[in-house]
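*Asks:* Predicted coordinates and the sequence they were generated for:
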Amino acid sequence: MPPICDQLSFVNPVIPFSRNTQGGDRPTLRYGHHITVKGMFLQSCGTRFAVNFQTGFSDNDIAFHFNPRFEGDGYVVCNTKQKGWWGTEERKMENPFQMGIPFEISFLVENSEFKVKVNGKDFMKYTHRVPVHRVDTISFTGGVAVKQISIKDTCAVPVQRIISEVQSYSSPCDSPESKEWKPKPPSYLQATAAPSNPLSAPMA
């Protein structure tokens, strides 16, 4: 299975969906990862859906549980589960999602928190309760149809850009050929030598 890398994308996954991202040199979430989810809530499939950033396929360890609920006036529950036990629940008494209307959720991993946007607008922040590098799996459950999931490393620098920057900082003096350097003949060296001062010669 491919790791979380500079850019990764899943199209029309079947829900429930879990993707274990282990298997590469950078398998876990870290600062700078930007996860975008495009989908739509299905009214015929219950009143909730969830996005989980977790460790492995089991739901015993979930670093960030993002759970919109269409109950009452609607709200979003966030929490962390460790060794099968839920922590203190955080509720956002607002639900920016609408049944049957496409949405886009953006999760940006910061050093101390997840920053969440919904449809391009800041929605909430969730402070890390466990080290984010433990997250190696993303899962979706509930009444939601997901069109696309993309993961991008906003801190990654393309190799081509690195090469071009190195070239731009290279000094022409590093290579004699860049100045069409050619050895000077002995006659040139003699002609450019400092003339001797006749006054400095010893008196007869």
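*Replies:* Everything's here; your move.

*Asks:* Any idea which helix or strand in the protein has the lowest mean pLDDT?
*Replies:* helix 159-169 (a mean of 42; mean pLDDT, DSSP states H and E).

*Asks:* Next SSE downstream of the helix or strand where residue 77 lies?
*Replies:* Residue 77 belongs to strand 75-82 when assigned by DSSP states H and E. Note on strand 75-82: by DSSP H and E, the next helix or strand toward the C-terminus is strand 85-86.

*Asks:* The following helix or strand past that following strand pairs with which strands, parallel or anti?
*Replies:* Beyond strand 85-86 on the C-terminal side, the first helix or strand identified by DSSP H and E is strand 90-92. Paired strands of strand 90-92, with direction, are strand 75-82 (antiparallel) (DSSP bridges).

*Asks:* which parts of the strand it pairs with are buried?
*Replies:* By 16 or more other C-beta atoms under 10 Å, the buried positions in strand 75-82 come out as 76, 78, 79, 80, 81. Yep, even glycine has a C-beta here, placed from its N, CA and C like the rest.

*Asks:* Is the second one bridged to anything, and to what?
*Replies:* As for beta bridges, residue 78 partners with residue 66, residue 90 under DSSP bridges.

*Asks:* That one and residue 101, how far apart?
*Replies:* Distance, residue 78 to residue 101, by C-beta to C-beta, to the nearest Å: 22 Å.
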